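In: please find the sequence and the predicted model below.
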Amino acid sequence: MSYKHKDPCIKNAHDDEMLFVLMARDIYAPETIIEWIKNSLRAGHPPEKLHEALDCAIEMTKTSHIHKSRANSEKIKNKNDQKSHQPPY
């Protein structure tokens, strides 16, 4: 629930343990985190973990426009790159 270079959760994962990553550019990521918080609240997870998850969802919501804009720019660039590699005929 942080940037990859700062994430102790990834370091704590076992070598054979599956991980699922949500990125801020995914429009469903904050909503998914909120649902996880609801379930985790009922399961009795530590409040500090739930607060961290909520902070993450809020930050994703705040910055989602930046990531969407970046993704759109990359799509345009890729289309232009493809056009420049096509034969002129």
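Out: Right, received. Where do you want to start?
In: now Ala24: how far from Asp7?
Out: Between Ala24 and Asp7 the distance, using C-beta to C-beta, to the nearest Å, works out to 14 Å. Bear in mind the C-beta positions are built from the backbone N, C-alpha and C, glycine included.
In: which of those two has more neighbours?
Out: Set side by side, Ala24 and Asp7 show more neighbours around Ala24, with 19 against 13, by other C-beta atoms under 10 Å.
In: nearest residue to the middle of this protein?
Out: Residue closest to the mean C-alpha point of the chain, counted by C-alpha atoms, centre = their mean, is Met23 at 1.0 Å.
In: once you drop chain neighbours, what's closest to that one?
Out: Spatial nearest neighbour of Met23, chain neighbours left out: Ala29 (6.4 Å); criterion: C-beta to C-beta, 6 or more residues apart in numbering.
In: now do the one you found against Asp15, distance only.
Out: For Ala29, the distance to Asp15 - C-beta to C-beta - is 26 Å.
In: need the longest helix for the chain.
Out: Assignment by DSSP state H gives helix 47-84 as the longest helix of the chain.
In: picking that back up, which SS class is the residue nearest to the centre of the chain?
Out: Judged by DSSP: H, G, I helix; E, B strand; the rest coil, the three-state class of Met23 is coil.
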